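S.K.: 3D model of this:
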Amino acid sequence: MNYRKGDRIKHPKLEEWGIGEVLEESGEEKVRAFFVGVGEKTLSLKHVQPLKVQGPEANHPLLDNLRISKVKGKIQYQSLAQSIQNFLERYPDGFYGERYLRCERSYKVRAHELALELLDQQTMHSLSSEYQYDQICQRSLKIVNATNLIFPNEKMALKDGLKQKENKKRFSEALSILLYGVGSLENRFLTFAETLEIIRAAKWTTASYFLFIIFPEKYVFIKPTATLNAANLSAFEIYYRPELNWKTYKFVLEFSNYLKAELSTLRPRDMIDVQSFMWCIQQ
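M.R.: Below is the predicted model of the structure:
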């Protein structure tokens, strides 16, 4: 039996390998494939005939966004089961343990509560309608300074960018659109990203922070190196580029939602837990 690149397969005996994807056209002797449970394997067709899988059974979020099929050579892969084990070695009680709460979660929740107090939708609307852009910027910087998630030099870049009056207005309007606008998330994100470019504060940390800290149930924070390392380790393609762009943000959200769904046994509450998990597994 021949296997075509992209075919979904499974090992006839090793169920723990999970669903797999053929990485290149097979010959008569072997087939190279990636399995969700164990990563890349080269199978001798003389000894085993993988079973082709079609229909709903062939669907898997990781295989649909598989990075390994887009690069040459074998790359490092850590199965989700191994990542969970590594996370639990650091935090044996998972997302609900005292140590995890102290080190990873509690300070982000406090920042979330502060953000809701300072820039909830009603307050943002009221300040904007009264042209209180200076007040919006002051509150935004206070929210930024409530955590160490954004690097100090990037905090300074934002602060410097907001010194000019026209930039305060531009930033306040873009932030209001990002958080509470009625348009698509793509357009709202791009509007905010363009504003950060203009005020010379265009960093992934700043671009992703406000959605994350105000709506942690939906949006994730991007710390470029850590996020990229976690995605690469998981073989999940996020199309990362250092310049702010919608495609990267979209696929980071998909990666985050994939992790949240797959971590159901650990009961993650929101993207705060998912972001913390990413940070821990890539270290």
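S.K.: Any idea how far apart the tips of stretch 231-245 sit?
M.R.: One end of stretch 231-245 to the other measures 17 Å (C-alpha to C-alpha, to the nearest Å).
S.K.: For Glu21, see how far away the nearest residue in space to Leu23 that is not next to it in sequence is.
M.R.: Closest residue in space to Leu23, ignoring its immediate chain neighbours: Arg32 at 4.9 Å, by C-beta to C-beta, 6 or more residues apart in numbering. Using the backbone N, CA and C atoms, a C-beta is placed for each residue, glycine as well. Distance of Arg32 to Glu21, given as C-beta to C-beta, to the nearest Å: 10 Å.
S.K.: ok, those two, which is more surrounded?
M.R.: Neighbours per residue (other C-beta atoms under 10 Å) separate Arg32 from Glu21, with Glu21 holding more: 22 against 16.
S.K.: For Tyr202, give its distance to Gly97.
M.R.: I think there's a mix-up here, since residue 202 is Ala and not Tyr. Applying C-beta to C-beta to Ala202 and Gly97 gives a distance of 37 Å.
S.K.: Counting neighbours, go ahead and name the busier of the two.
M.R.: Legend: neighbour count by other C-beta under 10 Å for Ala202 and Gly97, higher for Ala202 (21 against 16).
S.K.: pretty sure Leu190 contacts Trp246?
M.R.: Yes. Applying C-beta atoms under 8 Å as the test, Leu190 and Trp246 come out as touching, 5.8 Å apart.
S.K.: if you count what's nearby, which of those two comes out ahead?
M.R.: With neighbours defined as other C-beta under 10 Å, Leu190 and Trp246 compare such that Leu190 has more, 18 against 14.
S.K.: what's the helix or strand for the residue nearest the centre of the chain?
M.R.: For the chain, the residue nearest the mean C-alpha position is Val252 (3.6 Å; C-alpha atoms, centre = their mean). In the assignment (DSSP states H and E), Val252 maps to helix 246-262.
S.K.: and that helix, what's its mean pLDDT?
M.R.: For helix 246-262, the mean pLDDT works out to 97.
S.K.: Please export the C-alpha coordinates of it as CSV.
M.R.: These are the backbone C-alpha positions of helix 246-262, laid out as CSV (Å, rounded to 0.1, in the frame of the first residue of the first chain):
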residue,chain,number,x,y,z
TRP,A,246,-3.1,39.4,12.1
LYS,A,247,-2.1,36.0,10.9
THR,A,248,0.3,35.4,13.8
TYR,A,249,-2.2,36.6,16.4
LYS,A,250,-5.0,34.5,14.8
PHE,A,251,-2.9,31.3,15.0
VAL,A,252,-1.6,32.0,18.5
LEU,A,253,-5.3,32.1,19.5
GLU,A,254,-5.9,28.8,17.8
PHE,A,255,-2.9,27.3,19.5
SER,A,256,-4.2,28.6,22.9
ASN,A,257,-7.7,27.2,22.3
TYR,A,258,-6.2,23.9,21.3
LEU,A,259,-4.2,23.7,24.5
LYS,A,260,-7.2,24.8,26.6
ALA,A,261,-9.3,22.0,25.1
GLU,A,262,-6.6,19.4,25.5
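S.K.: For it, list every residue counted as buried.
M.R.: Buried residues in helix 246-262, counted by 16 or more other C-beta atoms under 10 Å: 248-249, 251-256, 258-260, 262.
S.K.: how far is that helix from where the chain is centred?
M.R.: 5 Å (C-alpha atoms, centre = their mean, to the nearest Å).
S.K.: Show me what it is packed up against.
M.R.: helix 61-64, helix 185-198, helix 204-214, helix 224-233, helix 271-281 (3 or more C-beta pairs under 8 Å, 6 or more residues apart in numbering; DSSP states H and E).
S.K.: switch to 10 Å and redo it
M.R.: Helix 246-262 sits against helix 61-64, helix 80-90, helix 185-198, helix 204-214, helix 224-233, helix 271-281, with contacts defined as 3 or more C-beta pairs under 10 Å, 6 or more residues apart in numbering; DSSP states H and E.
S.K.: Nearest to Leu14, out of those?
M.R.: helix 80-90 (13.9 Å; C-beta to C-beta).
S.K.: ok, back up a step: and which of the buried residues of helix 246-262 is nearest Gly37?
M.R.: Glu262 (11.9 Å).
S.K.: Now that closest one: closest residue in space that isn't a chain neighbour?
M.R.: Excluding its sequence neighbours, the residue lying closest to Glu262 (C-beta to C-beta, 6+ apart) is Leu80, at 5.5 Å.
S.K.: Neighbours of the one you found, how many?
M.R.: Look at Leu80: counted by other C-beta under 10 Å, it has 17 neighbours.
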